[in-house]
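>>> 3D, please:
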Amino acid sequence: MEEIVDHIPEEAPKKKKKKAEKDSTPTRGIETMFRVTSKNHLQLSAMADNKANIIISINAIILSIVISLLIRRFEESPHLIFPTAILVVVCLTTIFLATISTRPKVNYYTMTKEDIKNKTGNLLFFGNFMNMSLDDYQWGMNELMKDKDYLYSSLTKDIYFAGIVLGRKYKYLRLAYNVFMYGLMVSTLAFIATSLFLV
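Numbers count the residues shown, from 1 in each chain. This next block holds a predicted model:
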(Lines give C-alpha, C1' and ligand atoms only; values in the text may rest on other atoms or scores of the structure.)
Protein backbone atom coordinates (compact mmCIF):
# COMPACT_ATOMS: atom_id res chain seq x y z
CA MET A 1 0.00 0.00 0.00
CA GLU A 2 2.84 2.37 0.79
CA GLU A 3 4.39 1.77 -2.61
CA ILE A 4 1.11 2.58 -4.39
CA VAL A 5 0.60 5.77 -2.38
CA ASP A 6 4.18 6.86 -3.04
CA HIS A 7 3.78 6.18 -6.75
CA ILE A 8 0.71 8.42 -7.29
CA PRO A 9 2.43 11.82 -6.69
CA GLU A 10 5.06 10.95 -9.30
CA GLU A 11 2.47 10.16 -12.02
CA ALA A 12 0.25 13.21 -11.44
CA PRO A 13 2.83 15.88 -12.49
CA LYS A 14 3.64 13.86 -15.62
CA LYS A 15 -0.01 13.77 -16.63
CA LYS A 16 -0.38 17.47 -15.97
CA LYS A 17 2.74 18.17 -18.01
CA LYS A 18 1.48 16.12 -20.94
CA LYS A 19 -1.90 17.83 -20.75
CA ALA A 20 -0.24 21.24 -20.70
CA GLU A 21 1.85 20.30 -23.76
CA LYS A 22 -1.28 19.18 -25.63
CA ASP A 23 -3.10 22.40 -24.73
CA SER A 24 -0.18 24.56 -25.90
CA THR A 25 0.35 22.71 -29.20
CA PRO A 26 -2.60 24.27 -31.13
CA THR A 27 -1.56 27.76 -30.00
CA ARG A 28 1.99 27.20 -31.22
CA GLY A 29 0.69 25.88 -34.53
CA ILE A 30 -1.56 28.91 -35.00
CA GLU A 31 1.27 31.31 -34.15
CA THR A 32 3.57 29.52 -36.57
CA MET A 33 0.91 29.70 -39.28
CA PHE A 34 0.50 33.46 -38.82
CA ARG A 35 4.27 34.01 -38.73
CA VAL A 36 4.97 31.94 -41.85
CA THR A 37 2.09 33.49 -43.82
CA SER A 38 3.15 37.04 -42.94
CA LYS A 39 6.76 36.23 -43.88
CA ASN A 40 5.65 34.77 -47.22
CA HIS A 41 3.58 37.88 -48.00
CA LEU A 42 6.54 40.13 -47.22
CA GLN A 43 8.85 38.06 -49.44
CA LEU A 44 6.36 38.04 -52.32
CA SER A 45 5.86 41.79 -51.97
CA ALA A 46 9.64 42.37 -52.07
CA MET A 47 9.89 40.12 -55.16
CA ALA A 48 7.12 42.09 -56.90
CA ASP A 49 8.84 45.40 -56.14
CA ASN A 50 12.14 44.03 -57.41
CA LYS A 51 10.56 42.81 -60.65
CA ALA A 52 8.84 46.19 -61.12
CA ASN A 53 12.16 48.00 -60.63
CA ILE A 54 13.84 45.74 -63.19
CA ILE A 55 11.23 46.32 -65.89
CA ILE A 56 11.13 50.07 -65.20
CA SER A 57 14.92 50.25 -65.56
CA ILE A 58 14.90 48.26 -68.81
CA ASN A 59 12.23 50.44 -70.39
CA ALA A 60 13.93 53.63 -69.21
CA ILE A 61 17.13 52.48 -70.94
CA ILE A 62 15.22 51.66 -74.15
CA LEU A 63 13.55 55.09 -74.11
CA SER A 64 16.87 56.86 -73.62
CA ILE A 65 18.36 54.96 -76.58
CA VAL A 66 15.34 55.75 -78.76
CA ILE A 67 15.47 59.44 -77.91
CA SER A 68 19.23 59.73 -78.39
CA LEU A 69 19.55 57.69 -81.61
CA LEU A 70 16.32 57.20 -83.57
CA ILE A 71 14.60 60.59 -83.23
CA ARG A 72 17.60 62.32 -84.83
CA ARG A 73 17.16 60.17 -87.94
CA PHE A 74 13.49 61.02 -88.58
CA GLU A 75 14.30 63.65 -91.22
CA GLU A 76 16.41 61.32 -93.32
CA SER A 77 14.41 58.17 -92.47
CA PRO A 78 10.75 59.12 -91.98
CA HIS A 79 9.71 55.46 -92.24
CA LEU A 80 11.10 54.98 -88.70
CA ILE A 81 8.51 57.30 -87.14
CA PHE A 82 5.68 54.73 -86.95
CA PRO A 83 7.63 51.80 -85.37
CA THR A 84 9.45 54.22 -83.04
CA ALA A 85 6.11 55.63 -81.89
CA ILE A 86 4.90 52.08 -81.15
CA LEU A 87 8.04 51.35 -79.13
CA VAL A 88 7.74 54.60 -77.15
CA VAL A 89 4.08 53.92 -76.32
CA VAL A 90 4.92 50.37 -75.24
CA CYS A 91 7.75 51.55 -72.98
CA LEU A 92 5.70 54.35 -71.41
CA THR A 93 2.72 52.03 -70.82
CA THR A 94 4.96 49.39 -69.26
CA ILE A 95 6.59 51.95 -66.96
CA PHE A 96 3.16 53.28 -65.99
CA LEU A 97 1.79 49.83 -65.10
CA ALA A 98 4.94 48.82 -63.21
CA THR A 99 4.85 52.08 -61.24
CA ILE A 100 1.20 51.52 -60.32
CA SER A 101 2.09 48.05 -59.03
CA THR A 102 4.60 49.55 -56.58
CA ARG A 103 2.55 52.61 -55.63
CA PRO A 104 1.31 52.30 -52.05
CA LYS A 105 -2.43 52.36 -51.54
CA VAL A 106 -3.47 52.86 -47.94
CA ASN A 107 -6.99 53.28 -46.58
CA TYR A 108 -6.64 55.52 -43.55
CA TYR A 109 -9.10 55.15 -40.69
CA THR A 110 -8.65 56.44 -37.15
CA MET A 111 -9.82 53.91 -34.58
CA THR A 112 -11.57 54.98 -31.40
CA LYS A 113 -11.99 53.30 -28.04
CA GLU A 114 -15.52 52.34 -29.07
CA ASP A 115 -14.11 50.50 -32.10
CA ILE A 116 -11.73 48.61 -29.84
CA LYS A 117 -14.49 47.74 -27.38
CA ASN A 118 -16.66 46.54 -30.27
CA LYS A 119 -13.67 44.61 -31.72
CA THR A 120 -13.83 46.40 -35.08
CA GLY A 121 -10.91 47.78 -37.02
CA ASN A 122 -7.34 46.52 -36.87
CA LEU A 123 -4.80 47.90 -34.41
CA LEU A 124 -2.03 45.97 -36.18
CA PHE A 125 -2.36 48.09 -39.34
CA PHE A 126 -0.64 51.48 -39.19
CA GLY A 127 -3.35 53.18 -41.23
CA ASN A 128 -5.79 52.59 -38.38
CA PHE A 129 -3.69 53.84 -35.49
CA MET A 130 -1.39 56.50 -36.96
CA ASN A 131 -3.67 59.33 -35.76
CA MET A 132 -4.34 57.79 -32.33
CA SER A 133 -2.67 59.12 -29.21
CA LEU A 134 0.01 56.95 -27.63
CA ASP A 135 -2.10 56.39 -24.50
CA ASP A 136 -5.12 55.24 -26.53
CA TYR A 137 -2.94 52.98 -28.64
CA GLN A 138 -1.29 51.39 -25.61
CA TRP A 139 -4.67 50.86 -23.99
CA GLY A 140 -6.02 49.32 -27.20
CA MET A 141 -3.04 46.97 -27.54
CA ASN A 142 -3.46 45.85 -23.94
CA GLU A 143 -7.12 45.09 -24.64
CA LEU A 144 -6.12 43.26 -27.82
CA MET A 145 -3.56 41.08 -26.02
CA LYS A 146 -6.08 40.18 -23.30
CA ASP A 147 -8.58 38.80 -25.83
CA LYS A 148 -7.22 35.85 -27.83
CA ASP A 149 -10.16 35.84 -30.27
CA TYR A 150 -9.77 39.56 -30.97
CA LEU A 151 -6.02 39.12 -31.42
CA TYR A 152 -6.40 36.26 -33.89
CA SER A 153 -9.14 38.16 -35.70
CA SER A 154 -6.82 41.17 -36.08
CA LEU A 155 -3.97 38.99 -37.33
CA THR A 156 -6.32 37.35 -39.82
CA LYS A 157 -7.49 40.74 -41.12
CA ASP A 158 -3.89 41.90 -41.39
CA ILE A 159 -2.94 38.90 -43.50
CA TYR A 160 -6.10 39.18 -45.61
CA PHE A 161 -5.59 42.82 -46.54
CA ALA A 162 -1.88 42.21 -47.15
CA GLY A 163 -2.95 39.51 -49.59
CA ILE A 164 -5.36 41.91 -51.32
CA VAL A 165 -2.54 44.43 -51.81
CA LEU A 166 -0.24 41.67 -53.01
CA GLY A 167 -2.80 40.45 -55.55
CA ARG A 168 -3.17 44.00 -56.89
CA LYS A 169 0.61 44.32 -57.22
CA TYR A 170 0.96 41.11 -59.21
CA LYS A 171 -2.05 41.95 -61.38
CA TYR A 172 -0.49 45.21 -62.62
CA LEU A 173 2.96 43.64 -62.78
CA ARG A 174 1.66 40.86 -65.03
CA LEU A 175 0.00 43.46 -67.26
CA ALA A 176 3.27 45.39 -67.44
CA TYR A 177 5.24 42.31 -68.49
CA ASN A 178 2.60 41.32 -71.06
CA VAL A 179 2.54 44.81 -72.59
CA PHE A 180 6.34 44.86 -72.72
CA MET A 181 6.68 41.36 -74.18
CA TYR A 182 4.01 41.62 -76.88
CA GLY A 183 4.62 45.30 -77.55
CA LEU A 184 8.33 44.69 -78.11
CA MET A 185 7.47 41.96 -80.60
CA VAL A 186 5.04 44.23 -82.47
CA SER A 187 7.47 47.16 -82.58
CA THR A 188 10.28 44.88 -83.79
CA LEU A 189 8.07 43.53 -86.58
CA ALA A 190 7.11 47.12 -87.46
CA PHE A 191 10.79 48.10 -87.74
CA ILE A 192 11.49 45.10 -89.97
CA ALA A 193 8.42 45.72 -92.14
CA THR A 194 9.16 49.42 -92.67
CA SER A 195 12.81 48.69 -93.40
CA LEU A 196 11.97 46.03 -96.01
CA PHE A 197 8.98 47.59 -97.78
CA LEU A 198 9.16 51.34 -97.31
CA VAL A 199 12.82 52.12 -97.88
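
>>> wait, A60 sits on L92?
No - contact criterion C-beta atoms under 8 Å: A60 and L92 do not qualify, at 10.3 Å. In this view, the C-beta of every residue, glycine as well, is placed from N, C-alpha and C.

>>> in this structure, which helix or strand is least confident?
Every helix and strand in the chain was compared by mean pLDDT, DSSP states H and E; the lowest is helix 2-65, with a mean of 75.

>>> next secondary structure element downstream of that helix?
Downstream of helix 2-65, the next assigned helix or strand under DSSP states H and E is helix 81-102.

>>> that following helix packs against which elements?
Packed against helix 81-102 by the contact rule (3 or more C-beta pairs under 8 Å, 6 or more residues apart in numbering; DSSP states H and E) you find helix 2-65, helix 148-197.

>>> what sits against A162?
Neighbouring residues of A162 by C-beta atoms under 8 Å, 6 or more residues apart in numbering: 38, 41, 45.

>>> next, F74: phi, psi?
phi -60, psi -40 (degrees, to the nearest 10).

>>> that one is in contact with L80, isn't it?
Yes - F74 is within contact range of L80, at 6.4 Å (criterion: C-beta under 8 Å).

>>> wait, what's in contact with D115?
G121 are the contacts of D115 under C-beta under 8 Å, 6+ apart.

>>> next secondary structure element downstream of the helix or strand harbouring it?
Using DSSP H and E, D115 sits within helix 113-117. Beyond helix 113-117 in the direction of the C-terminus, DSSP H and E gives the next helix or strand as helix 126-129.

>>> and that next one, how far out from the chain's middle?
17 Å (C-alpha atoms, centre = their mean, to the nearest Å).

>>> now that helix: buried residues?
128-129 (16 or more other C-beta atoms under 10 Å).

>>> and the angle from the next helix or strand after it to helix 148-197?
Once the chain leaves helix 126-129, the next helix or strand it forms, by DSSP H and E, is helix 134-146. If you take axes from the mean of the first three to the mean of the last three C-alpha atoms, to 10 degrees, helix 134-146 sits at 100 degrees to helix 148-197.

>>> A52 reaches R103, doesn't it?
No - using C-beta under 8 Å as the test, A52 is too far from R103 to be in contact (9.7 Å).

>>> quick one, which of those two is more surrounded?
A52 (23 against 11; other C-beta atoms under 10 Å).

>>> ok, the more buried one to F197 distance?
Going from A52 to F197 by C-beta to C-beta, to the nearest Å gives 37 Å.
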